[in-house]
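A.B. asks: give the three-dimensional model of this entry:
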Amino acid sequence: MGNDDEDLMEYQPLLKDIHEPKRQIKVPSKCLVFAVWAACIGGTFQYGYNLSVINAPTKAVQTFINQTWMERYNTEISSQLLTFLWSTIVSIFPLGGLVGASLGGTLAIRFGRKGTLLFNNTFALLAALFMGLSYPTSTFELLIIGRFLAGVNAGIGICVQALYLGEMAPRALRGAMAMGTSIFITGGILTGQVIGLKELLGGDEYWPILLSTTCIPAILQLLILPWFPESPRYLLIDRGDEVACRKALMWLHGADNYHGEQEDMERERVSAAGIKPKKPWELFTDGRLRWQLLTVILLNGFQQLNGINAIYFYADYVFTQAGIPADKIPYAAVGTGACECITALTCGLLIESLGRRVLIIGGYTLMSLWCVCLTITLTFQESSPWVPYLSMVCVFMFILSFGLGPGGVTNILTTELFTQTTRPAAYMIGGSVNWTSFFFIGMVFPFIVNGLRQYCFLVFLVICCSVATYIFFVVPETKNKTFLEIQSEFQSRDRKKLIAANGTANGHYVHADMNPT
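C.D. replies: Numbers count the residues shown, from 1 in each chain. Here you go, the predicted structure:
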């Protein structure tokens with residue numbers, strides 16, 4: 001007990017008035033808002049941008065590959081090989097993302113959250129260079145290398161940016177600030193769709209410039225992010241630098257508002273004293289984290305497998321059936337991007353008032369409903385001239401439901417379900433599952449659609465219902481709770497189940513509960 005008393009005395013100056021209620025930060029400071037922008041513009045914005053910008057120059061790049069092949073071998077490339085090369089250019093992006101996600105947590109521990117984000121721009125700059133040089137050098141292989149590096153950049157960015165935002169946001173604004181991840185993903189998708197229009201850089205002759213514009217967000221972050229502090233939690237818990245932590249908190253929240261946040265961090269530091277950051281494989285052997293880890297794996301995997309990719313796949317068909325001319329469909333696609341972006345902004349405004357559970361359960365439930373509706377409307381698409389318009393409504397409503405639920409809340413829960421020593425490893429696992437699912441759905445989805453047609457949405461119906469049910473029974477509300485409180489809630493639930501099991505086995509539950517010995 002003596003050593004415990006000394007430890008408590010050591011932290012007493014920083015934990016004084018621990019039982020007195022502290023004023024929570026309800027409105028973000030300008031510095032915090034700009035810090036979020038600086039982190040996101042070179043982070044998840046890049047993911048969304050590179051995801052959508054490759055769609056506009058599809059025919060132009062395929063023509064370039066064919067011309068290059070003719071120059072090299074004096075013969076036209078076969079349609080099968082051309083399709084394979086184009087598919088490689090597209091699908092190498094999630095493979096790069098998988099590599100980036102596997103590296104992100106380790107880099108964030110070693111070099112810090114901010115340092116890793118800055119270093120990560122190297123991959124984006126190299127990607128822009130290789131893709132830009134592919135046309136003048138007549139080397140389409142550079143496109144494959146560039147897309148892979150863009151994927152690595154996106155994989156690291158999603159992982160580390162979410163860590164950075166979640167660790168520097170005040171408790172009462174943690175969800176809203178972490179929504180920067182989804183807002184900038186959708187903003188990147190929308191920007192890529194707009195810049196890819198033929199009036200801007202979508203013309204056949206401009207595609208090398210279009211693909212090279214991925215360097216612009218990287219340059220912006222390299223110029224702006226160095227002016228902002230490192231994650232205060234990383235400085236205090238990982239580095240043990242109290243002075244730098246206090247300066248960062250004052251800079252982000254103001255000299256009068258940071259004390260409550262510092263106390264939360266100090267409690268977490270006491271809890272994590274002597275514990276080194278966990279490796280990903282160590283999380284699988286820690287029984288205390290089984291439900292948190294299972295939740296992160298399921299949410300990240302089904303974020304790609306819940307039907308959102310099928311919606312975008314069918315969007316062009318639905319728009320065509322509704323009478324939209326082929327040359328106007330890219331503008332309708334911009335409408336879907338704007339819809340998702342607006343929904344992410346709406347989710348950011350609602351998440352601190354409604355909570356995480358309401359949004360994600362409601363999102364998956366509504367997606368289930370629209371899966372049923374879309375299956376019906378696609379089945380009877382040609383039976384009446386007004387049915388295609390119902391299909392359009394279902395497409396937009398599904399996108400809205402996705403943005404309000406899994407699209408917005410998944411990354412936030414990964415931050416909140418873990419503490420400082422386990423969070424980087426959790427993001428590595430969740431990110432790897434997400435990118436693997438992304439690659440899997442890209443490879444398998446065409447076969448699913450060809451086999452099931454519109455009835456593929458019944459498969460997604462089962463997935464959405466299952467995830468909503470799991471979250472309802474397993475995942476607690478995390479709004480306005482400290483990371484330690486969330487951990488304690490999971491652990492107390494496990495203890496209650498263990499006591500209940502022991503009590504039932506012994507035939508006297510109350511006795512087992514009151515007298516565990």
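
A.B. asks: use CA for all of it now, contacts and neighbours both
C.D. replies: OK.

A.B. asks: next, give phi and psi for residue 364.
C.D. replies: When read as degrees, to the nearest 10, the backbone of residue 364 gives phi -70, psi -40.

A.B. asks: count the neighbours of the residue lying closest to it once chain neighbours are set aside for me.
C.D. replies: Take residue 364 and drop its neighbours on the chain: the residue closest to it by CA to CA, 6 or more residues apart in numbering is residue 464, 5.2 Å away. For residue 464, the neighbour count with other CA atoms under 10 Å is 26.

A.B. asks: dump the residue contacts of residue 464.
C.D. replies: Under the criterion of CA atoms under 8 Å, 6 or more residues apart in numbering, the contact partners of residue 464 comprise 306, 364-365, 367-368.

A.B. asks: any chance of these in a markdown table, plus pLDDT, distance to residue 207 and secondary structure?
C.D. replies: As requested, the contacts of residue 464 are exported to a markdown table (pLDDT from 0 to 100; distance: CA to CA, whole Å; DSSP: H, G, I helix; E, B strand; the rest coil):
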| residue | pLDDT | distance to residue 207 | secondary structure |
| --- | --- | --- | --- |
| 306 | 89 | 32 | coil |
| 364 | 96 | 37 | helix |
| 365 | 96 | 40 | helix |
| 367 | 95 | 35 | helix |
| 368 | 95 | 38 | helix |
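
A.B. asks: ok, back up a step: for the residue nearest to residue 364, helix, strand, or coil?
C.D. replies: In the three-state summary, residue 464 is assigned as helix, counting by DSSP: H, G, I helix; E, B strand; the rest coil.

A.B. asks: picking up where we left off before, closest to residue 189 out of the contacts of residue 464?
C.D. replies: residue 306 (18.8 Å; CA to CA).

A.B. asks: looking at the contacts of residue 464, which is nearest residue 268?
C.D. replies: residue 364 (32.8 Å).

A.B. asks: still on that earlier bit, give me the buried subset of the contacts of residue 464.
C.D. replies: Neighbour-count burial (16 or more other CA atoms under 10 Å) applied to the contacts of residue 464 gives 306, 364-365, 367-368.

A.B. asks: ok, which pair from these is furthest apart?
C.D. replies: The two members of these with the most space between them (CA to CA) are 306 and 365, at 11.4 Å.

A.B. asks: which residues of the protein score low on pLDDT?
C.D. replies: Where the chain drops to pLDDT under 70, the residues are 1-26, 313, 493-517.

A.B. asks: now the residue nearest in space to the middle of the chain, nearest residue through space, not along the chain?
C.D. replies: Of all residues in the chain, the one closest to the mean position by CA atoms, centre = their mean is residue 411, 4.9 Å from it. Spatial nearest neighbour of residue 411, excluding adjacent residues (CA to CA, 6+ apart): residue 162 at 7.0 Å.

A.B. asks: who touches residue 311 in this structure?
C.D. replies: Contact analysis of residue 311 by CA under 8 Å, 6+ apart lists 395, 398-399.

A.B. asks: that one and residue 50, how far apart?
C.D. replies: Relative to residue 50, residue 311 is positioned 19 Å away (criterion: CA to CA, to the nearest Å).

A.B. asks: can you check residue 411 too?
C.D. replies: Shown here: residue 411 relative to residue 50, a distance of 19 Å by CA to CA.

A.B. asks: count of neighbours near residue 360?
C.D. replies: Residue 360 has 26 nearby residues by other CA under 10 Å.

A.B. asks: thinking again about what came up before, which ones are touching the residue nearest to the centre of the chain?
C.D. replies: 162, 178, 181 are the contacts of residue 411 under CA under 8 Å, 6+ apart.

A.B. asks: SS state for residue 278?
C.D. replies: Per three-state DSSP, the secondary structure class of residue 278 is coil.

A.B. asks: quick one: it and residue 105, what's the gap?
C.D. replies: Distance check for residue 278 against residue 105: by CA to CA, it reads 10 Å.

A.B. asks: over to residue 41?
C.D. replies: Relative to residue 105, residue 41 is positioned 20 Å away (CA to CA).

A.B. asks: phi, psi of residue 474?
C.D. replies: Note on residue 474: its backbone torsions stand at phi -110, psi -40 [degrees, to the nearest 10].

A.B. asks: now it: closest residue in space that isn't a chain neighbour?
C.D. replies: Skipping the residues right next to it in sequence, residue 474 comes nearest to residue 291 by CA to CA, 6+ apart, at 7.7 Å.

A.B. asks: domains for this protein, by residue range?
C.D. replies: Annotated domains of the chain cover 25-228, 282-481 [automatic domain parsing].

A.B. asks: residue 489 is nearest to which of these?
C.D. replies: Residue 489 lies closest to domain 282-481 among the domains of the chain, at 7.9 Å (CA to CA).

A.B. asks: how far does the closest one stretch from one end to the other?
C.D. replies: End-to-end span of domain 282-481 (CA to CA): 25 Å.

A.B. asks: if we can go back for a sec, right, and the helix or strand after the strand or helix carrying the residue nearest to residue 411?
C.D. replies: With the criterion set as DSSP states H and E, the secondary-structure element containing residue 162 is helix 141-168. Scanning forward in sequence from helix 141-168, with DSSP H and E defining helices and strands, the next element found is helix 174-178.
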